[in-house]
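>>> mind folding the following:
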Amino acid sequence: MKSINQLNKIDKPRERLFKYGLSALKNYELIAVLIGSGVQGKDVIKLSHEIEKFFDSSFENIDLEKLLKIHGLGRAKASQIISAIELSKRYLIDTQNYKINSASDVFDELKPYKDKRQEYFLTLYLDGANNLIETKIITIGTLNQSLVHPREVFSHAIEKRCASIIVAHNHPSGILKPSPEDINVTQRLKESGKILGIEVLDHVIFTSDGFISLKEEGVL
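Numbering: from 1, shown residues only. Predicted coordinates for the structure are as follows:
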């Protein structure tokens, strides 16, 4: 088993990185820098070549379980690789999608609904970096627990593998004050989210002129 440090200097991907820069490294060399060492009977370069071939065949559908099928790639190295891939995806998504950092961002996203004459209950579905995956209308009409069922809110979150959600609805009356029903629905969704492992980050109530955050109000 050879690690990067045991390779001839000229063959060391890490040495080549410092001397020539990232663009000079081939894919397998970048993988070698990431995993650092090989395993018994398979040095770091050979293992990196195998991982590269695996990427070429199924990169879009790669997951931890599939990575572990590569002979010699243990849980630690597989975790390093899958985490690096996920981190890269998140930063790439950041440049393309809208990040939700506050109730103000939610209000901006939902401006098309601010002048509606009926109540619209909506859910914003987010990934682990708070990038907006999708916004969906859950129901239209007076807010109550029978209309806003956790099943309707969370089924899409499960399908899209969301890390969290934010729910929101408009008050056509123009009154920015949560009703007892608003609070009940919020608490019910919060408890359902805990069971499913999908956090309800906020419930934003908005009108044509402004908004309130039930998180900031202490309801969540």
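>>> flag every buried residue along the helix or strand bottoming out on mean pLDDT in the chain.
None of the helices or strands of the chain scores lower by mean pLDDT, DSSP states H and E than helix 75-94, at a mean of 81. Using 16 or more other Cβ atoms under 10 Å as the test for burial, helix 75-94 gives K77, A78, I81, I82, I85. Using the backbone N, CA and C atoms, a C-beta is placed for each residue, glycine as well.
>>> and it, what does it pack against?
Using 3 or more Cβ pairs under 8 Å, 6 or more residues apart in numbering; DSSP states H and E, the elements in contact with helix 75-94 are helix 27-35, helix 64-67.
>>> run the chain-centre distance for the shortest one.
Translated: helix 64-67. The chain centroid and the centroid of helix 64-67 are separated by 19 Å, computed with Cα atoms, centre = their mean, to the nearest Å.
>>> could you dump the helices and strands packed on helix 75-94 to a markdown table with distance to D115?
Listed next are the helices and strands packed on helix 75-94 as a markdown table, based on distance: least, Cβ to Cβ, whole Å:
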| stretch | distance to D115 |
| --- | --- |
| helix 27-35 | 51 |
| helix 64-67 | 46 |
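>>> can you put those in a markdown table and add mean pLDDT, distance to G210 and mean neighbour count?
Formatted as a markdown table, the helices and strands packed on helix 75-94 follow (pLDDT from 0 to 100; distance: least, Cβ to Cβ, whole Å; neighbours: other Cβ atoms under 10 Å):
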| stretch | mean pLDDT | distance to G210 | mean neighbour count |
| --- | --- | --- | --- |
| helix 27-35 | 90 | 48 | 20 |
| helix 64-67 | 86 | 44 | 14 |
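>>> distance of the most centrally placed residue in the chain from D209?
Nearest to the geometric centre of the chain sits D127, at 2.4 Å (Cα atoms, centre = their mean). Distance from D127 to D209, counting by Cβ to Cβ, to the nearest Å: 31 Å.
>>> equivalent analysis for Y98, please.
22 Å.
>>> surely A103 meets E217?
No - if you go by Cβ atoms under 8 Å, A103 and E217 don't touch, sitting 10.3 Å apart.
>>> higher neighbour count, those two?
Shown here are A103 and E217; by other Cβ atoms under 10 Å, A103 has more neighbours (22 against 15).
>>> now the more buried one. Nearest residue, chain neighbours left out?
S213 (3.8 Å; Cβ to Cβ, 6 or more residues apart in numbering).
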